[in-house]
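K.L.:
Everything below, folded, please.
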Amino acid sequence: MDFTQIYNQYKDKVYRICLGYTNNNEEAKDILQDTFITVWQHLDSFRNEANIGTWIYRIATNKCLRSLENIKRRSKLNNSVLPDEDFQREDNQNNKIQILRKIISTLPELDRIIIGLTMEDIKQEDIAQIVGLTHSNVRVKTHRIKQKILNKFNEYGRI
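P.N.:
Have a look, this model is predicted:
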């Protein structure tokens with residue numbers, strides 16, 4: 001498989017994963033670009049020990065984590081609380097998606113990785129390999145993360 005095929009196959013999912021981390025289109029695009037530069041540079045050294053998608057998602061999540069660390073260092077943000085924004089109480093799909101992204105952005109980094117990959121329909125076995133946990137641990141964490149998100153939605157009266 002050549003780089004162009006790989007890029008075309010994975011770019012949209014990688015972008016959405018990055019957007020889930022950053023909640024910022026430009027930052028997500030930068031990380032997407034950085035991810036595929038790394039993929040291109042190291043494609044010849046990929047050993048096919050894992051699925052290429054798993055390898056790419058691992059690179060993307062590592063880049064997202066580094067980006068978040070840099071942002072935290074620069075701005076000393078506290079991601080444990082939702083931003084104080086006046087959300088419109090409209091029940092349109094875009095508003096709910098924006099709220100979901102904001103809620104996800106408040107989760108701990110590992111939880112963001114797991115739920116972001118889950119939302120992209122990546123198998124739990126692959127997620128376990130990407131994040132370095134057991135499959136059963138990922139299954140339990142996924143359930144708990146979904147419950148946290150549901151609780152935050154309920155807290156804000158959004159369901």
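
K.L.:
CA only for contacts and neighbour counts going forward, please
P.N.:
OK.

K.L.:
any weak-confidence spans in the protein?
P.N.:
72-94, 157-159 (pLDDT under 70).

K.L.:
can you point me to the longest helix in it?
P.N.:
Criterion DSSP state H: the longest helix present in the chain is helix 52-75.

K.L.:
neighbours around Thr106, how many?
P.N.:
18 (other C-alpha atoms under 10 Å).

K.L.:
Please apply the same query to Val39.
P.N.:
By other C-alpha under 10 Å, neighbour count at Val39 equals 21.

K.L.:
One more: Asn154?
P.N.:
11.

K.L.:
can you check Gln5 too?
P.N.:
9.

K.L.:
again, but for Glu49
P.N.:
Using other C-alpha under 10 Å, Glu49 has 7 other residues around it.

K.L.:
Pull up the gap between it and Cys64, please.
P.N.:
As judged by C-alpha to C-alpha, to the nearest Å, Glu49 and Cys64 stand 23 Å apart.

K.L.:
helices or strands next to the longest helix of the chain in the packing?
P.N.:
Judged by 3 or more C-alpha pairs under 8 Å, 6 or more residues apart in numbering; DSSP states H and E, the packing partners of helix 52-75 are helix 3-22, helix 25-42, helix 124-131.

K.L.:
what's the closest of the ones you listed to Glu109?
P.N.:
Among these, helix 3-22 comes nearest to Glu109, with 8.2 Å by C-alpha to C-alpha.

K.L.:
what inclination does the closest one have with respect to helix 52-75?
P.N.:
If you take axes from the mean of the first three to the mean of the last three C-alpha atoms, to 10 degrees, helix 3-22 sits at 40 degrees to helix 52-75.

K.L.:
Now helix 3-22: buried residues?
P.N.:
Under the neighbour-count criterion of 16 or more other C-alpha atoms under 10 Å, helix 3-22 has 6, 11, 13-22 buried.

K.L.:
Chain neighbours aside, what residue packs nearest to Ile52?
P.N.:
Phe46 (8.0 Å; C-alpha to C-alpha, 6 or more residues apart in numbering).

K.L.:
Likewise for Thr61?
P.N.:
Using C-alpha to C-alpha, 6+ apart, the closest residue to Thr61 is Ile113 (6.6 Å).

K.L.:
Sweet, I'm off.
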